[in-house]
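Colleague: structural data only, the sequence is not supplied:
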């Protein structure tokens, strides 16, 4: 279960194991920013809310796609939705 908190309100979706957060957004009709879909451009970054309990995998076939985020950003809960 994923809750998207947006300026116009919250929406809840259910993510499959073979799906990224970005894929779920698009499936729900949301239009999040994205460009490369590989974790390089950082346009799809999102943030986990502090009260979130989750086990999000941030690894693709080549390894951790969130390497493009600095350590501070990762510590603060940011992730790349195209590969998480």
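Modeller: Good, I have the coordinates. For clarity, every value in this text was computed on a predicted model and none was experimentally measured. Numbers count the residues shown, from 1 in each chain.

Colleague: so how many other residues sit close to residue 3?
Modeller: 11 (other C-beta atoms under 10 Å). Bear in mind the C-beta positions are built from the backbone N, C-alpha and C, glycine included.

Colleague: model confidence for the residue nearest to it when sequence neighbours are not counted, exactly?
Modeller: The shortest distance from residue 3 to any non-neighbouring residue, by C-beta to C-beta, 6 or more residues apart in numbering, is to residue 12 (5.1 Å). Each residue has a pLDDT score; the one for residue 12 is 90.

Colleague: next secondary structure element downstream of the one helix or strand residue 12 maps to?
Modeller: Assigned by DSSP states H and E, residue 12 belongs to strand 9-13. Next in sequence after strand 9-13, counting helices and strands by DSSP H and E, comes helix 21-27.

Colleague: tell me the mean pLDDT over that next one?
Modeller: Here helix 21-27 scores 92 as its mean pLDDT.

Colleague: contacting residues around that helix?
Modeller: 2, 4, 13-15, 19, 31-32, 34, 37, 44, 46, 56, 79, 81-82, 84 (C-beta atoms under 8 Å, 6 or more residues apart in numbering).

Colleague: alright, calling it a day.
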